[in-house]
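>>> starting from these lines, generate the structure:
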Amino acid sequence: MKKRIAALFLIIVFLFTQPLIAHASTRALNINPRINFDSNTVNCTVAISSDVGYSIVAYISLYEGNTLIKTWYRTGTEFLFFADSVHALNGYRYTLEVDATIAGIKQPTVTASATYVQ
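Now for the predicted structure:
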């Protein structure tokens, strides 16, 4: 009888701790690149958020058409915000690309694109 109770107790403990273990391993994150234009300037912003205490490493690239024109490297913990601007040429498509690693795990590349038209 004692063995049955002990076994039942272990099963109950196992069932109740599984959701906690699964929850602890998830990474709530958001990678949000944005491009907008002001006069002859392309404004680039990136906001990245993660769970409490997680490190963030971001490689940010700006393309003018297919040509890489500028890169940035930024790091943070839990939240990273980046902003910069570059001279824009009329008729070109600009793509902001973010390669991020959060808590040591490489995330999928996220991009934002827009064409500058005066």
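>>> tell me, how many residues neighbour the closest residue to Y92 other than its chain neighbours?
Sequence neighbours aside, E64 is the residue nearest to Y92 in space, at 5.1 Å (criterion: Cβ to Cβ, 6 or more residues apart in numbering). Backbone N, C-alpha and C define where each C-beta goes, glycine included. E64 is flanked by 18 other residues according to other Cβ atoms under 10 Å.
>>> quick check: E64 touching Y94?
Yes: contact criterion Cβ atoms under 8 Å: E64 and Y94 qualify, at 6.0 Å.
>>> got the phi and psi for the residue nearest the centre of the chain?
Geometric centre of the chain, nearest residue: I31, 3.1 Å, by Cα atoms, centre = their mean. In terms of degrees, to the nearest 10, the main-chain angles of I31 are phi -120, psi 120.
>>> go ahead and confirm it touches I56.
No: counting by Cβ under 8 Å, I31 sits too far from I56 to count as a contact (9.2 Å).
>>> which residues are in contact with each of the two?
Common neighbours of I31 and I56, using Cβ atoms under 8 Å, 6 or more residues apart in numbering, are 48, 100.
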